[in-house]
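A.B. asks: The sequence and its predicted three-dimensional model are supplied below.
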Amino acid sequence: MASPLPPGPVGIRVRVPAKINLALKVGSPREDGFHPLATVYQAVSLCDEVYAEWANPDEYEVTVSGEGTGLVPTDDSNLAIRAAKLLARTYGPHDSLGVSLSIKKAIPVAGGLAGGSADGAGALLACAVLWDLDVGPEALAELAAELGSDVPFALVGGTAVGSGRGESLVPALARGNYHWVLAFGHQGLSTPAVYRRFDALSAPAEPLAVPDDLMNALRVGDAKLLGAALSNDLQEAALEMQPQLRQTLDFGLDYGALGAIVSGSGPTCAFLVAGEPAAVDLSVALSAEGVCRAVRRTTGPVPGARVIS
Ligand SMILES: C[C@](O)(CO)[C@H](O)COP(=O)(O)OP(=O)(O)OC[C@H]1O[C@@H](n2ccc(N)nc2=O)[C@H](O)[C@@H]1O
Ligand SMILES: Nc1ncnc2c1ncn2[C@@H]1O[C@H](COP(=O)(O)OP(=O)(O)OP(=O)(O)O)[C@@H](O)[C@H]1O
């Protein structure tokens, strides 16, 4: 006979945003293999949803629907399952907890938008609420950093400066609401492989710092200045691995985008535009040109992981 459900909510739904790196400065690899970063993250309105329901004690399962479903593992390597198990191990009455997770993906897999990280952050929050654990934001952020460098930012969202391997965050002084067009690539890019290509290509600039012109643009909330200040040290490596991305970036810039950049480790290209009408125009043009697999309009900044039901 199935065990009765514990008291409390039956299911918790969390929405978690994708990120764009407005600036990404990368140093030489550390002894642990990770690269020191100086980055500026912005969370955007393209979101995955993670739904968590009680399962039998010590049962952990996940189903995935939406964008890139077939590419996402549903075993213990899924970042959402890893997050739930880590949380239970650290804070739970481990033996009595279990969860059934459903992920609705809108963020492309291996797209440089931190989709897996979003799901990990979403699962941490959803399970903490479902299981009614006594765990605050700082403790969740520590677990998030164990799961991956981009996971802590998915919890907080907004616009933030990241250092260390990307897990140390300080909110950025930022004004304005920005309109982005995202061009998804035909194939994903492996983050470690892009970092390896970066190492082979360049002698990184030291010391690491986020660019002043970008921070000034955010402070005054000027989209044109921001567009001109976008930068990504991993872009050259991503373009070498997928040369057709150059054509995508050039097309958007020729069409009048204020700025164009490969997001994170790629291959998603992010175009900053002046407003909603410009976003619609560029989306249609990119689709018609056939330089990418799919196009999405999105805005930022938005908050990080939040419970929606
Ligand atoms: C490219 C970015 O998205 C920019 O924000 C991130 O640096 C990637 O963060 P992530 O996907 O959360 O990465 P993790 O899961 O922490 O690490 C995956 C792999 O990426 C490489 N990695 C990641 C972060 C970092 N600062 N240096 C690295 O070299 C390492 O090979 C690592 O084994
Ligand atoms: N919930 C998940 N969603 C997507 N991918 C996952 C998930 N869990 C594990 N993975 C694995 O992680 C790999 C990287 O996926 P992800 O979508 O996070 O890449 P990314 O957006 O490029 O990451 P980042 O921008 O953080 O470098 C996938 O190829 C997949 O095998």
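C.D. replies: Happy to help now that I have it. Ligands and ions are numbered 1, 2, ... in the order given.
A.B. asks: How many neighbouring residues does the residue lying closest to residue 152 once chain neighbours are set aside have?
C.D. replies: Using C-beta to C-beta, 6 or more residues apart in numbering and skipping residues adjacent in sequence, the residue nearest residue 152 is residue 144, 4.3 Å away. Any C-beta I mention is one placed from the backbone N, CA and C, and that applies to glycine too. Using other C-beta atoms under 10 Å, residue 144 has 27 other residues around it.
A.B. asks: In contact with residue 144, which residues?
C.D. replies: Residues in contact with residue 144 (C-beta atoms under 8 Å, 6 or more residues apart in numbering) are 83, 120-121, 124, 151-152, 154-155, 167.
A.B. asks: sec struct for it, please.
C.D. replies: Secondary structure for residue 144, judged by DSSP: H, G, I helix; E, B strand; the rest coil, is helix.
A.B. asks: how close does it sit to residue 171?
C.D. replies: Residue 144 is 16 Å from residue 171, where distance means C-beta to C-beta, to the nearest Å.
A.B. asks: residues in contact with the residue lying closest to residue 146 once chain neighbours are set aside?
C.D. replies: Closest residue to residue 146 apart from its sequence neighbours, by C-beta to C-beta, 6+ apart: residue 86 at 6.4 Å. Applying C-beta under 8 Å, 6+ apart, one finds that residue 86 lies in contact with 124, 143, 146-147.
A.B. asks: Show the pLDDT at residue 86.
C.D. replies: With respect to pLDDT, residue 86 has a value of 98.
A.B. asks: from the middle of its chain, how far away would whatever helix or strand it lives in be?
C.D. replies: Taking DSSP states H and E as the definition, one finds residue 86 inside helix 79-91. Between the centre of helix 79-91 and the centre of its chain there are 19 Å (C-alpha atoms, centre = their mean, to the nearest Å).
A.B. asks: got it, and stretch 269-277?
C.D. replies: Taking the mean of its C-alpha atoms, stretch 269-277 sits 18 Å from the chain's own mean (C-alpha atoms, centre = their mean).
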